[in-house]
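Engineer: Turn this into a structure:
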Amino acid sequence: MKHPFWLAALLLFGGCIKVQPFVPLVNKADSQPLPKLSVLSSADQQVLTQLIANETYFDAAVILRNDSVLYTYGEINTPFNAASVRKSVFSALYGIAAAKGLLHPDSSLASLGIDDATNPLQPTEKQATLAQLLAARSGIYLPSLGESAGMVRRKPARGAYLPGEHFYYNSWDFNALPIILQKITNQSVEQLIDTWLAQPLGFTNYTTEHVTYQYDNTVSEYPQTRLYISAMDLARFGALYAMQGRWRGQQIIDSAWVALSTSKISKEPNDRDLVEHPFMEGYGYLWWIDDETGTFWADGAGGHFVIVHPAKKLTVVLRNNTGMSGLGVLLYSATNNYEGNEGGDKVYKALLNLLAP
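Structural biologist: Below is the predicted model:
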């Protein structure tokens, strides 16, 4: 989409100021280059390029079939803030940890010694299991970092539901999960991503400095964990799910976990909180499920999507640069260039039309 004149001037002014990005920008040698498939003609690719450039705010796109590249657009090697897409990465880490015997999803917070020093958990809240946190069904309705206005509005009163009874897209669950995983494994999330995902999948733009933590102990013991990751590296991650957890002959994530975590543990019309997400009919373990297209999504605010169609072996990654520095965040906020699910759905359906026989 074209920007107004005033924004072009502001961007030009911003470009004259030296700003420090939140994370280092790296481009490591790719030891596992992805093959390319000539499935889309030059004309087909131009259709996608024109659509993305003129009708969306996406700054990067990568489309894979299995582990082969069909299409790329824009800043595919820039580690943008992944927003809530990070949650699906956390789900994968839990699946790997479970397969290694490091944890059991049915373990309760009480059995693991988990509490919140800022707002101590009640005995019933401590009965919530890791699986219930992964499914956003913990029943723990406490203040947390990263809550949107809509999340605050929909949050039930504390004690309104027991663990497992109610789906609520819950930042307390999402913030606690990576820190609990660190306690269980005695490794940081950034190290786990590096060892369990980045190295076997051949990430080219990731370093452990691309995970950051925002703390505010007046709100909660648990920080908001942020992940900065490129579209190309996210595409490798999504393709892993498109191929039932296997990557080049190695089972990275157990196929049963892939199936379970992307199944409708919460679903319409049973779970009212899903009604406010018009594109999705279900929620698994930190993955959204779209029945209409047969896909599941990692979904991040501002325009960050990993769309996986396992039957078609397709992975579509779409990214919006929502700010790589303090000035970048300011510029993004000034533009209101928020890209929602509508944009992701539009690009994905255009791709399907081009691939149709």
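Engineer: What's the local residue count around residue 123?
Structural biologist: Residues lying near residue 123 (other CB atoms under 10 Å) number 7. Where you see a C-beta, it was placed from the backbone N, CA and C, and this is true even at glycine.
Engineer: And the residue most central in space within the chain, how close does it get to residue 184?
Structural biologist: The centroid of the chain falls nearest to residue 85 when counting by CA atoms, centre = their mean (1.0 Å). Distance from residue 85 to residue 184, counting by CB to CB, to the nearest Å: 23 Å.
Engineer: Tell me how far the lengthiest strand in the chain lies from the chain's centre.
Structural biologist: Longest strand in the chain by number of residues (criterion: DSSP state E): strand 220-229. Taking CA atoms, centre = their mean, to the nearest Å, one finds strand 220-229 lying 13 Å from the centre of the chain it belongs to.
Engineer: Each with direction, which strands does that strand pair with?
Structural biologist: Using DSSP bridges, the strands paired with strand 220-229 are strand 80-81 (antiparallel), strand 211-216 (antiparallel).
Engineer: For residue 94, which of those is the nearest?
Structural biologist: Residue 94 lies closest, by CB to CB, to one member of these: strand 211-216, at 15.8 Å.
Engineer: what about the closest one, distance to the chain center?
Structural biologist: Taking CA atoms, centre = their mean, one finds strand 211-216 lying 17 Å from the centre of the chain it belongs to.
Engineer: can you check stretch 186-198 too?
Structural biologist: Chain-centre distance of stretch 186-198: 16 Å, with CA atoms, centre = their mean.
Engineer: ok, and for it, which residues are buried?
Structural biologist: For stretch 186-198, burial by neighbour count (16 or more other CB atoms under 10 Å) applies to 187, 188, 189, 190, 192, 193, 194, 196, 197, 198.
Engineer: need the residues you listed in JSON lines with secondary structure, can you?
Structural biologist: Shown next, in JSON lines, are the buried residues of stretch 186-198 (DSSP: H, G, I helix; E, B strand; the rest coil):
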{"residue": "187", "secondary structure": "coil"}
{"residue": "188", "secondary structure": "coil"}
{"residue": "189", "secondary structure": "helix"}
{"residue": "190", "secondary structure": "helix"}
{"residue": "192", "secondary structure": "helix"}
{"residue": "193", "secondary structure": "helix"}
{"residue": "194", "secondary structure": "helix"}
{"residue": "196", "secondary structure": "helix"}
{"residue": "197", "secondary structure": "helix"}
{"residue": "198", "secondary structure": "helix"}
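Engineer: for the residue nearest to the centre of the chain, what are its contacts?
Structural biologist: 227, 229, 234, 298, 299, 300, 304, 305, 306 (CB atoms under 8 Å, 6 or more residues apart in numbering).
Engineer: Could I get the pLDDT score of it?
Structural biologist: Turning to residue 85, the model gives it a pLDDT of 98.
Engineer: Equivalent analysis for the one 3 residues further on, please.
Structural biologist: Among the per-residue scores, residue 88 shows a pLDDT of 98.
Engineer: mind checking which helix or strand it is in?
Structural biologist: Secondary structure assigned from DSSP states H and E places residue 88 in helix 85-99.
Engineer: for residue 159, same thing?
Structural biologist: For residue 159, there is no host helix or strand (DSSP H and E).
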